[in-house]
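**Q** What follows is a predicted protein model with its sequence.
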Amino acid sequence: MHFTIKPVSFTCNLDCDYCFYLPKGQEQGMLTKGIMSDEVLEAFIVRYIKECPTDHVYFTWQGGEPLMAGRKFFEKAFALQSQYANGKVIENAIQTNATLINDDWCELFKKHKVLLGVSIDGPEHLHDKYRKNKNQQGSHKDVIAGIELLKKHQIPFNTLTCINESNYEHPLEVYHYLKELGSTFMQFSEVVETTPENTDFDHIAPNYEVKPFSLTPKAYGTFMGAIFKEWVAKDIGKIVIRQFESLISQVLGMGHHSCVWENCCPDNFVLEANGDIYECDQAVYPKYKLANILDIEKAANLGVIPCSVNGQKAANEENSISSLKALKASRLSAHKLQLCDDCKQCTYLVLCNGGCIKHRIDLQNGVSKSYFCEGYKELFKIMVPYLNTMVYLENNKTPYIAIKSLVPQIEASLKENPL
Ligand code: SF4
Ligand code: SF4
């Protein structure tokens with residue numbers, strides 16, 4: 001069980017063109033804006049720490065822009081975590097656009113050993129096309145100022161890069177730029193949004209338009225494939241790229257790290273500022289609401305309170321949930337298991353599992369298929385010879401990162417015998 005917590009839900013100081021999250025609040029009026037109340041914060045922290053089955057409890061804070069909740073909010077949250085830790089180790093990570101970071105924030109991050117994830121799409125001319133402030137000016141300069149402060153205070157940070165219509169043609173420029181910034185853990189997220197918006201994964205609209213900032217399917221494979229070749233030859237073992245490590249882990253029998261390619265949607269819930277809990281960050285739509293933390297709290301303390309899970313009543317307690325452990329991303333997982341014929345017969349099914357539900361917008365005989373299929377296939381085709389060699393290495397008790405020295409041989413062999 002893992003939670004991403006949104007202390008200000010839809011509120012953000014930036015206005016990125018491709019943001020999938022902010023328009024939901026505006027268009028659907030699903031949630032009121034505002035900072036999470038003390039009541040919601042405390043109810044959640046107490047219950048989450050208590051119910052987490054592990055000794056380490058991970059809090060991931062995200063937005064909107066979570067720093068808009070203010071320092072006092074996070075001081076309160078960290079104090080509550082210490083108060084209720086009960087011997088467990090608490091870890092905090094904040095995903096931020098970094099534009100609000102100052103020395104005061106850095107002191108707080110340092111004191112509580114917070115790991116920062118910074119959203120950045122590459123150098124200024126690529127980043128600024130879509131990541132703009134409310135005045136429609138690029139945010140790159142402010143992001144870099146934030147990163148410089150993190151470096152000054154020796155606070156570790158990761159990067160999250162959205163691959164979109166602006167940066168997709170520049171994979172190595174983006175990669176080298178992130179390396180030079182000092183990012184040693186990178187995540188890349190493929191951007192696709194549609195009109196009408198895909199809000200009900202049971203009923204995909206047969207006719208939709210892809211928004212102009214979206215990545216084309218093939219471009220995903222070209223972008224990630226180019227970075228993979230560079231990374232495996234020079235940086236494997238030094239730099240972690242989440243998507244690649246996930247595929248390696250999968251072929252080595254340890255399962256995926258990235259839910260996108262897992263065969264089910266893990267219990268990776270979202271807590272909104274008003275206490276509402278959803279199955280996933282990609283599914284903050286009415287249908288995928290599971291409960292509200294305050295209802296759970298009341299049910300736990302008082303008995304039965306009406307509250308539905310996935311729209312269905314609990315079998316034994318007429319609608320009530322009294323613990324976080326009872327929550328399941330079961331509706332999304334059920335969607336994930338529904339594969340189209342192409343996926344069922346696909347050589348890469350073991351790597352891909354049909355991809356994220358949110359991206360399954362191509363209807364095929366009534367069953368949805370990933371918009372990114374073509375790009376995934378291109379990436380897998382590039383990676384498979386290397387993945388097979390990594391499996392061979394590990395089976396022979398050699399760490400898979402030893403592949404770095406074998407890259408010239410693999411490439412020579414691929415030249416002679418192209419796939
Ligand atoms: S690569 Fe395409 S066909 Fe194969 S499992 Fe993934 S989405 Fe399905
Ligand atoms: S819906 Fe997509 S992002 Fe959410 S858990 Fe499932 S695969 Fe992951």
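**A** That came through, no problem. Ligands and ions are numbered 1, 2, ... in the order given.

**Q** What count of nearby residues applies to the residue of the stretch 151-300 of the chain found nearest ligand 1?
**A** Using Cβ to the nearest ligand atom, the single residue of the stretch 151-300 of the chain nearest to ligand 1 is residue 261, 8.3 Å away. Yep, even glycine has a C-beta here, placed from its N, CA and C like the rest. By the measure other Cβ atoms under 10 Å, the count of residues near residue 261 is 21.

**Q** That one contacts residue 350, correct?
**A** No - in terms of Cβ atoms under 8 Å, residue 261 does not count as a neighbour of residue 350; the distance is 9.5 Å.

**Q** Would you mind giving the dihedral angles phi and psi of the residue nearest to residue 13 when sequence neighbours are not counted?
**A** Nearest residue to residue 13, sequence neighbours excluded (Cβ to Cβ, 6 or more residues apart in numbering): residue 65, at 5.4 Å. Per-residue torsions, residue 65: phi -110, psi 110 (degrees, to the nearest 10).

**Q** What helix or strand is residue 142 located in?
**A** helix 140-152 (DSSP states H and E).

**Q** and what of residue 136?
**A** Per DSSP H and E: nothing holds residue 136, as it lies in no helix or strand.

**Q** Can you tell me how far it is from ligand 2?
**A** 29 Å (Cβ to the nearest ligand atom, to the nearest Å).

**Q** what's the neighbour count on that residue?
**A** Quick note: residue 136 (other Cβ under 10 Å) scores 8 neighbours.

**Q** sorry, back to before: intersection of neighbour lists for residue 261 and residue 350?
**A** Listed as contacting both residue 261 and residue 350 by Cβ atoms under 8 Å, 6 or more residues apart in numbering are residue 250.

**Q** So which bits of the protein are right by ligand 1?
**A** Counting by Cβ under 6 Å from any ligand atom, the residues of the chain close to ligand 1 are 342-343, 346, 348-349, 352, 354-355, 369-370, 373, 376-377.

**Q** 5 Å instead, please
**A** 342, 343, 346, 348, 349, 352, 354, 370, 373, 376, 377 (Cβ under 5 Å from any ligand atom).

**Q** Let's see which of those residues end up in helices.
**A** 342, 343, 349, 352, 373, 376, 377 (DSSP state H).

**Q** can you pull the contacts of the residue nearest to the last one when sequence neighbours are not counted?
**A** So the one you mean is residue 377. On the basis of Cβ to Cβ, 6+ apart, the spatially nearest residue to residue 377 that is not a chain neighbour turns out to be residue 348, at 6.3 Å. If you count contacts by Cβ under 8 Å, 6+ apart, residue 348 has them with 376, 377, 380.

**Q** As a markdown table, those residues with distance to ligand 2, neighbour count and pLDDT would be great.
**A** Formatted as a markdown table, the contacts of residue 348 follow (distance: Cβ to the nearest ligand atom, whole Å; neighbours: other Cβ atoms under 10 Å; pLDDT from 0 to 100):
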| residue | distance to ligand 2 | neighbour count | pLDDT |
| --- | --- | --- | --- |
| 376 | 13 | 24 | 98 |
| 377 | 18 | 18 | 98 |
| 380 | 17 | 21 | 98 |
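
**Q** one step back: from residue 279, how far out is the residue of the stretch 151-300 of the chain closest to ligand 1?
**A** Separation of residue 261 from residue 279 (Cβ to Cβ, to the nearest Å): 18 Å.

**Q** pLDDT of the helix or strand residue 244 falls within, averaged?
**A** Per DSSP H and E: residue 244 is located in helix 242-251. In this model, helix 242-251 has a mean pLDDT of 98.

**Q** Also stretch 290-302?
**A** pLDDT averaged over stretch 290-302 gives 90.

**Q** how far is that stretch from where the chain is centred?
**A** Remark: stretch 290-302 is offset 27 Å from the chain centroid, using Cα atoms, centre = their mean, to the nearest Å.

**Q** buried ones in that stretch?
**A** 290, 291, 292, 293, 294, 295, 296, 297, 298, 299, 300 (16 or more other Cβ atoms under 10 Å).

**Q** Could you do stretch 249-261 as well?
**A** 250, 251, 256, 257, 258, 259, 260, 261.

**Q** next SSE after the worst-scoring helix or strand of the chain on mean pLDDT?
**A** Sorted by mean pLDDT, DSSP states H and E, the helices and strands of the chain end with helix 22-28, the least confident at a mean of 58. Sequence order places helix 38-51 as the next helix or strand after helix 22-28, per DSSP H and E.

**Q** Touching that next one from outside, list them.
**A** Under Cβ under 8 Å, 6+ apart, the answer for helix 38-51 is 1, 3, 5, 7, 57, 59, 73, 76-77, 80-81, 84-86, 88, 90, 271, 273-275, 293-294, 296-297, 300, 323-325.

**Q** Could you rerun that using 6 Å?
**A** Residues outside helix 38-51 that contact it (Cβ atoms under 6 Å, 6 or more residues apart in numbering): 57, 80, 81, 84, 88, 271, 275, 293, 297, 324, 325.

**Q** Within its sheet, name the partner strands of whichever helix or strand comes after it and how each one runs.
**A** Per DSSP H and E, helix 38-51 leads on to strand 56-61 as the next helix or strand towards the C-terminus. Paired strands of strand 56-61, with direction, are strand 2-5 (parallel), strand 89-96 (parallel) (DSSP bridges).

**Q** and the residue of the stretch 151-300 of the chain closest to ligand 1, backbone torsions?
**A** Torsion angles, degrees, to the nearest 10, at residue 261: phi -110, psi 10.

**Q** got the contact list for it?
**A** 352, 353.

**Q** Recalculate using a threshold of 7 Å.
**A** With contact taken as Cβ atoms under 7 Å, 6 or more residues apart in numbering, residue 261 is in contact with 246, 351, 352, 353, 355.

**Q** again, but for residue 165
**A** By Cβ under 7 Å, 6+ apart, the neighbours of residue 165 are 212, 213, 214, 215.

**Q** next one: residue 129
**A** Contacts of residue 129 by Cβ under 7 Å, 6+ apart are residue 166.

**Q** how far does stretch 199-210 sit from the chain's center?
**A** On Cα atoms, centre = their mean, the centre of stretch 199-210 falls 22 Å from the chain's centre.

**Q** what does stretch 198-210 give?
**A** That offset, for stretch 198-210, works out to 21 Å (Cα atoms, centre = their mean).

**Q** What of stretch 403-416?
**A** The answer for stretch 403-416 is 32 Å, by Cα atoms, centre = their mean.

**Q** got it, and stretch 128-148?
**A** With Cα atoms, centre = their mean, you get 21 Å for stretch 128-148.

**Q** Give the buried residues for that stretch.
**A** Counting neighbours by 16+ other Cβ under 10 Å, the buried set in stretch 128-148 is 128-133, 138-140, 142-144, 146-147.
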